[in-house]
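>>> Give me a model of this one.
(one chain, ligands or ions: 2)
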Amino acid sequence: MLNRKSDSPLKVSKFIKLAYEQAKINLGSTGSNPSVGCIVEKNGSVIASAHTSLNGRPHAEFNALNKKLDFKNSNIYISLEPCSHYGETPPCTKIIIKKKIKKVFFSIFDVDKRSNKKSIHNLRIKNILVKNGINESYGKMFYESYYFNKKKLLPYLDAKIAISRDYFTKNISSKWITNQQSRTIAHLIRSNYDCIMSTSKSINDDNSELNCRIEGLEKKSPSIVIIDRNFKLKKNLKIIKNEQNRKIYIFTIKKNKDKELFFRKRGIKIIKVDKMSSYKDYLKILQLMNKLGISRILLESGLSIFNFFLKGKMINNLYIFKTNKGLGRKGINYASSNNLKKIKLNNKRVNVYLNGDTLYKIKIK
Ligand code: AOF
Ligand code: ZN
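Residues are numbered from 1 along each chain as shown. Ligands and ions are numbered 1, 2, ... in the order given. Now for the predicted structure:
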């Protein structure tokens, strides 16, 4: 029986919230594995906490319980159902049993068929008390991209765009549209994705690095996918130096032996596809990306490809950084901003101070 007093919903929910704080640490850095967080509590005190390791292994529960501590009769709070399968690591339910944990609280079920709903039976037959569904609606939001990956076998696509008050995405006299504060928040957002997708046009124009320039988060710079239909990416770009040794992929339909050799020497992968025009072609590209282990993509590009993905209903969430000043004659767009203008921004403001700029997060799908 769950003890009413010591397991009050408020207390359980508080510890699950802490587990989510752990899960957030590696969101976007666990590949095709979900980022899970867990908290171990004994007599009201947290005795261990952990999250899924970078690239997805070891799992959160293993990281928390693989310590020389007396876990007997403690409670574990996990953001996702603990796994029950033998995969690349042994089942987390097994270590929970071995460490004599008394109660297991978790938020939502794992959609992976190998583990889905199996933990309840596996733990209860060992006399461990299990309660699921804690802070479930938050969990469904947090794991939306993971559920999407598993169901559709496609990466989850979000987009980020910076615009002036008068809806320009380019400034003829500066590389930047938004201010430094906005750019820092943009780098923080990048750290929650395992891939940034952009085009050769944007990267050639801006010589952008597309990394996380925040102290401590440098290692969280996502992989890069460059959509480069006609293989126009320049050779002398900052990104090509690849100082962080990130994975960089170029998707193209064109052959160019010289360029291929040049980029390959720098560790950049060239992926040739037959066509890059229709939604079907891009769906194939996304499927290839899924096979490469890419799970969460942030699209950062100019308006053309942005409009294409938006119209095709392929974007899930959109971050808009908007300045409070117009660019007037200094503003240019290479494609129409009408789709952007149509997006209703009321009540979509993110509560962050950006010294005059504003961030909106809009759920598109
Ligand atoms: C957990 N805790 O921290 C994570 C879990 O290939 P494997 O063996 O690593 O298994 C991958 C699956 O494990 C993944 O699809 C998901 O079901 C689960 N992820 N489970 O108990 C964790 N990341
Ligand atoms: Zn596990």
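
>>> From here on, just use CA atoms for contacts and neighbour counts.
OK.

>>> Point out the residues in this protein that sit beside ligand 2.
His59, Cys83, Cys92 (CA under 5 Å from the ion).

>>> Does the last one touch Tyr86 like I think?
No. The pair Cys92 and Tyr86 fails to qualify as a contact (CA atoms under 8 Å) at a distance of 9.1 Å.

>>> out of those two, which sits in the busier spot?
For Cys92 versus Tyr86, neighbours defined as other CA atoms under 10 Å are more numerous around Cys92 (22 against 12).

>>> Need phi/psi at the more buried one.
Cys92 adopts backbone torsions of phi -70, psi -30, taken as degrees, to the nearest 10.

>>> need the contact list for it.
Counting by CA atoms under 8 Å, 6 or more residues apart in numbering, Cys92 touches His59, Glu61, Phe62, Pro82, Cys83, Ser84.

>>> change it to 7 Å
Glu61, Phe62, Pro82, Cys83, Ser84 (CA atoms under 7 Å, 6 or more residues apart in numbering).

>>> Low-confidence regions, the stretch 1-150 of the chain specifically.
1-5 (pLDDT under 70).

>>> where along it do the strands fall?
Counting by DSSP state E, counting those that start in this stretch, residue ranges of the strands within the stretch 1-150 of the chain are 37-42, 45-51, 75-80, 103-108, 129-131.

>>> quick one, which of these is nearest to Ile248?
Closest approach to Ile248 among those is made by strand 45-51 (26.6 Å; CA to CA).

>>> and ligand 1, which of the contacts of Cys92 contact it?
When contact is defined as CA under 6 Å from any ligand atom, the contacts of Cys92 meet ligand 1 at Glu61, Pro82, Cys83.

>>> Tell me if I'm right that the last one and Thr93 touch.
Okay, so that is Cys83. Yes. Cys83 is within contact range of Thr93, at 6.2 Å (criterion: CA atoms under 7 Å).

>>> residues shared between the contacts of those two?
Overlap of the contact sets of Cys83 and Thr93 (by CA under 7 Å, 6+ apart) consists of Ser119.

>>> pull the longest helix from this structure.
Within the chain, and with DSSP state H defining each element, the longest helix by residue count is helix 9-25.

>>> For the chain, what lies in contact range of ligand 1?
33-36, 52, 56-57, 59-61, 82-83, 87-89, 92, 110, 112.

>>> Any quick ChimeraX command for the buried ones out of those?
Selection of buried members from the residues of the chain next to ligand 1 for ChimeraX, criterion 16 or more other CA atoms under 10 Å:
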select :33,34,35,36,52,56,57,59,60,61,82,83,92,110
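
>>> element containing Leu188?
Using DSSP states H and E, Leu188 sits within helix 180-190.

>>> buried ones in that helix?
Those would be Ser182, Arg183, Ile185, Ala186, His187, Leu188, Arg190, for helix 180-190 by 16+ other CA under 10 Å.

>>> ok, Lys361 - contacts?
Asn317, Leu318, Tyr319, Ile320, Lys348, Arg349, Val350.

>>> Could you give the number of residues near the last one?
Counted with other CA under 10 Å, the burial measure for Val350 works out to 13 neighbours.

>>> does it really touch Asp357, like I thought?
No. Between Val350 and Asp357 there is no contact under CA under 7 Å: 11.1 Å.

>>> Tell me how far Gly293 lies from ligand 1.
Using CA to the nearest ligand atom, to the nearest Å, we find Gly293 at a distance of 12 Å from ligand 1.

>>> any idea which element that residue lies in?
Assigned by DSSP H and E, Gly293 falls within no helix or strand.

>>> Contacts only, for it.
Gly31, Ser32.

>>> Could you rerun that using 10 Å?
By CA atoms under 10 Å, 6 or more residues apart in numbering, the contact list for Gly293 reads Thr30, Gly31, Ser32, Asn33, Asn55, Leu154, Pro155, Asp194.
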